[in-house]
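Participant: Mind looking at a prediction? Sequence and model below.
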Amino acid sequence: MLNEGHCGYVAIIGRPNVGKSTLLNYFLGQKLSITSRKPQTTRHSLLGIKTKNNNQIIYIDTPGLHQRMHNAMNRYLNRAAINSIDGVDVIVWLVEALQWTDEDNYVLKALAKSSIPTILAVNKVDRVSDKNVLLPYLKKVTAKYNFIEVFPISALKEQNLEQLETKIVTLLPKGILLFPEEQITDRSEKFLCAEIVREKLVRRLGAELPYRLTVQIEHFKNYRNVNHISALIWVETEGQKGIIIGKKGQVLKSVGKEAREDMETWLDHKVYLQLWVKVKQGWCDSERALQQLGYSEY
Ligand SMILES: Nc1nc2c(ncn2[C@@H]2O[C@H](COP(=O)(O)OP(=O)(O)OP(=O)(O)O)[C@@H](O)[C@H]2O)c(=O)[nH]1
Ligand SMILES: [Mg+2]
């Protein structure tokens, strides 16, 4: 009989912008989850499944836990993150080197109710030029919770990540694979294409607008080996719509080009992409609109 490997769920949690999705993408060896410099980029929990050497690590990328409860969207994000912790085998909690904010305390409070083995990953250590200041910081954060281990890492510069993953695997129960070996996520191609469009918009637009838009795939069809995809970009006001379209349609055009290129890489097919901008007033603060636009837990 084949030796059973380790197999289980690992939630990657932390406040917004600490590098959770960057870490997930590194572990998977490909870009699955969207990333940006702006907080609250991830809005949906998603699985990233890694099967290697008879082991299967089912990572869950989660929206950043935060305290700004302005609207229904903010509440949804926190709910999605908290629910993701439920029943996992291991938690990897990310913080940023030399920082400890109120939102980190908020995560700490959320964890206090769980008895799940938790690793603290102190990310972005590449930014710390004076390594002498890191040691007292690590000592301080280690004392904050009953961590299994604390790892200083850089998800971007790929430092100490193999060691982190080796530790994660040892904490997973032994068992048979839960997903087929070749499966890397639970999310559909349609979902990932909507996320790609949103990433390009978030990266391109100013501070507030990314929080006021969402993307919905209207059509997704393969016809004669070309994927015909049309996406709706929902915003709250006519003014926002104007900004996204840009002068002579320039903004929308370049967002469309970048998104199409990423989709072609991901789908390994030619893509014909159409983008439309539409206004739905107050969608961010309407539970009903959120559900219609795909913000419902799964
Ligand atoms: N210097 C440095 N930057 C990093 C590192 N890891 C992530 N970043 C950057 O931090 C920013 C946020 O990264 P994300 O992976 O989107 O962060 P996140 O925690 O998923 O954020 P949300 O989805 O908004 O909660 C991006 O600009 C990343 O390139 C790191 O190790 N070092
Ligand atoms: Mg993220």
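Facilitator: Structure received. The shown structure was predicted, so the numbers you read here are calculated from the model rather than taken from an experiment. Ligands and ions are numbered 1, 2, ... in the order given.
Participant: can you give me the strands in the stretch 1-150 of the chain?
Facilitator: With DSSP state E, counting those that start in this stretch as the criterion, the stretch 1-150 of the chain has strands at 5-14, 46-52, 55-61, 90-96, 118-123, 149-152.
Participant: how deep is the nearest residue to residue 256 once chain neighbours are set aside tucked in, by neighbour count?
Facilitator: Closest residue in space to residue 256, ignoring its immediate chain neighbours: residue 275 at 5.0 Å, by C-beta to C-beta, 6 or more residues apart in numbering. Backbone N, C-alpha and C define where each C-beta goes, glycine included. By the criterion of other C-beta atoms under 10 Å, residue 275 has 22 neighbours.
Participant: In a helix, residue 262, correct?
Facilitator: Yes: assessed by DSSP: H, G, I helix; E, B strand; the rest coil, residue 262 belongs to a helix.
Participant: what's residue 142 in contact with, if anything?
Facilitator: Applying C-beta atoms under 8 Å, 6 or more residues apart in numbering, we find residue 142 in contact with 120, 150.
Participant: Need the phi and psi values for residue 148.
Facilitator: Note on residue 148: backbone dihedrals following degrees, to the nearest 10 are phi -70, psi -40.
Participant: again but with residue 190, I slipped
Facilitator: Note on residue 190: backbone dihedrals following degrees, to the nearest 10 are phi -60, psi -50.
Participant: pLDDT score assigned to it?
Facilitator: Note for residue 190: predicted pLDDT of 96.
Participant: Check the one 10 residues further on too.
Facilitator: Per-residue pLDDT puts residue 200 at 98.
Participant: burial count for it?
Facilitator: With other C-beta under 10 Å as criterion, residue 200 counts 23.
Participant: CA atoms only: put the helix or strand containing it into PDB for me.
Facilitator: In this assignment (DSSP states H and E), residue 200 forms part of helix 189-204. Provided in PDB are the C-alpha atoms of helix 189-204 (Å, rounded to 0.1, in the frame of the first residue of the first chain):
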ATOM      1  CA  GLU A 189     -12.000  30.200 -14.600                       C
ATOM      2  CA  LYS A 190     -14.800  32.700 -14.700                       C
ATOM      3  CA  PHE A 191     -14.100  33.800 -11.100                       C
ATOM      4  CA  LEU A 192     -10.400  34.100 -11.800                       C
ATOM      5  CA  CYS A 193     -10.900  36.200 -14.900                       C
ATOM      6  CA  ALA A 194     -13.100  38.600 -13.000                       C
ATOM      7  CA  GLU A 195     -10.400  38.900 -10.400                       C
ATOM      8  CA  ILE A 196      -7.800  39.600 -13.100                       C
ATOM      9  CA  VAL A 197      -9.800  42.500 -14.300                       C
ATOM     10  CA  ARG A 198     -10.200  43.800 -10.800                       C
ATOM     11  CA  GLU A 199      -6.500  43.500 -10.100                       C
ATOM     12  CA  LYS A 200      -5.700  45.700 -13.100                       C
ATOM     13  CA  LEU A 201      -8.200  48.300 -12.000                       C
ATOM     14  CA  VAL A 202      -7.100  48.300  -8.400                       C
ATOM     15  CA  ARG A 203      -3.400  48.700  -9.400                       C
ATOM     16  CA  ARG A 204      -4.200  51.500 -11.800                       C
END
